[in-house]
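In: sequence? don't have it. structure:
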Ligand SMILES: Nc1nc2c(c(=O)[nH]1)N[C@H]1C(S)=C(S)[C@@H](COP(=O)(O)OP(=O)(O)OC[C@H]3O[C@@H](n4cnc5c(N)ncnc54)[C@H](O)[C@@H]3O)O[C@H]1N2
Ligand code: MOO
């Protein structure tokens, strides 16, 4: 399967990983922070380290429903074959009690272990005699089933580092320390511009030659996933004045401008010339298929003082690849997140296909695990306008430039899941 277009080798394309590194390098975190209640902080990025104010657990507490006892008393009771008297009952939420000598405590998971007890025995390993005394089966070691005060975290330790994205487990960790509010980076405002005279928004009937604007729908969803505020400037016609006006509005109101389409080489493609006039270009053209005409530059006097602009290709899958592989690490950098290395591991191809000339190809594939080890198969048509395969794919099989795919050979597989958080 291929996209049906003749292969054109474009000179001067930037290597994909070099382009990614340059975007990461250029991403200056937005200044400032705000305090948010935990309930509204999911997905946001911590602006400062968060330190533990308390030990966790707060007291020695038990990990099983059972009996807390003193090992010396147990040894004594076994020698006399009389069992331990049940001296107290300790539910979760009780205070820290003292265990009376010679007795044991009925205790429940999470309850504070009484002072004087040095082990907890699960109830399944005990037997009560007619007098209600507790007999223990098997060996018991000191400290068994006791979760020690501070064994997870000590007061003063760092819980989470600045730059951490607050996933649900991180939110739970903060809550477990009694923290109700956190300092987070401000939301990034991203201006979105869809260029193309052929574009119409979904919901209205399609005329001849018209194309529904799927890129804006996709990018709005992707930006929302990243907790960005989206300033959608809508569809802009393929003229220099229209694009110029949209760029001027965008540059004054956003931390980043993303436009799609019009970034290739035809005379209807105005992104590059307008960008050159209103700012500058850091690079244009990346050796990747799909995604080649990716552009990165700025609107304003120079890269330092200007508003960064990312020009994604119009072809929908090229746009998605440009976002996932290049724009996303830039957005993370502006949000103050630490750059995450790209994850890929070798997976065998279950198909053969000619390689792309002069650029890496990112094939949209699904993994078949029925043989025990994963084998990659094409997820569907690989044209850079074909969203079906992209919507089904488990990941990308990364084929080096000018390399044919032979069934049974391994290539780097990049799971799409890594682009979702
Ligand atoms: N002579 C050459 N032609 C092309 C080259 C080249 O090197 N030499 N590169 C090709 C590659 S690769 C790509 S990718 C496309 C990208 O071109 P543009 O970024 O300029 O995009 P457009 O020409 O505006 O549109 C391309 C295609 O995508 C559709 N499109 C555009 N915007 C949207 C949108 N918002 N939602 C859905 N679909 C969209 C548009 O209708 C076109 O079909 O250029 C090749 N050409
Ligand atoms: O083929 Mo173009 O590389 O981006 O879709």
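Out: Happy to help now that I have it. Computed from a prediction, not measured in an experiment: that's the story for all the values here. Ligands and ions are numbered 1, 2, ... in the order given.
In: around ligand 2, pick out the residues from the stretch 201-350 of the chain.
Out: 289-292, 313, 315, 318 (C-beta under 6 Å from any ligand atom). No exception for glycine: its C-beta is placed from N, CA and C like everyone else's.
In: the same query, at a cut-off of 8 Å, please.
Out: Contacts of the stretch 201-350 of the chain with ligand 2, taken as C-beta under 8 Å from any ligand atom, map to 288-293, 313, 315, 317-318, 321-322.
In: measure residue 152 to residue 177 for me?
Out: 10 Å (C-beta to C-beta, to the nearest Å).
In: where's the residue in the stretch 101-250 of the chain positioned nearest to ligand 1, which helix or strand?
Out: Per C-beta to the nearest ligand atom, residue 215 is where the stretch 101-250 of the chain lies closest to ligand 1, at 3.3 Å. Assessed by DSSP states H and E, residue 215 sits inside helix 214-225.
In: and whichever helix or strand comes after that helix, what other elements does it pack with?
Out: Next in sequence after helix 214-225, counting helices and strands by DSSP H and E, comes strand 229-236. Applying 3 or more C-beta pairs under 8 Å, 6 or more residues apart in numbering; DSSP states H and E, we find strand 229-236 packed against strand 189-195, helix 214-225, helix 240-253.
In: run through the stretch 1-150 of the chain and note the low-pLDDT ranges.
Out: Low-confidence segments of the stretch 1-150 of the chain, defined by pLDDT under 70: 1-9.
In: buried set for stretch 32-48?
Out: Within stretch 32-48, the residues that qualify as buried are 33, 38, 41, 43-47, counting by 16 or more other C-beta atoms under 10 Å.
In: what's the pLDDT at whichever residue of the stretch 201-350 of the chain sits closest to ligand 1?
Out: As assessed by C-beta to the nearest ligand atom, ligand 1 sits closest to residue 314 within the stretch 201-350 of the chain, at 2.5 Å. pLDDT for residue 314: 97.
In: and it, what element?
Out: Using DSSP H and E, residue 314 falls outside every helix and strand.
In: can you check the one 4 residues further on too?
Out: Under the assignment given by DSSP H and E, the secondary-structure element containing residue 318 is helix 316-321.
In: would you map the helices across the stretch 51-200 of the chain?
Out: 71-80, 168-176 (DSSP state H, counting those that start in this stretch).
In: can I see the domain layout of this protein?
Out: 16-33+186-334, 34-56+158-184, 61-147, 345-419 (automatic domain parsing).
In: mean neighbour count, those: which tops it?
Out: Counting by mean count of other C-beta atoms under 10 Å, domain 16-33+186-334 has the highest mean neighbour count of those, with a mean of 19.
In: hmm, back to that, contacting residues for the nearest residue to the residue of the stretch 101-250 of the chain closest to ligand 1 once chain neighbours are set aside?
Out: With sequence-adjacent residues excluded and distances taken as C-beta to C-beta, 6 or more residues apart in numbering, residue 215 is closest to residue 260, at 4.2 Å. Contacts for residue 260 (C-beta atoms under 8 Å, 6 or more residues apart in numbering) come out as 193-195, 215-216, 219, 311-314, 319.
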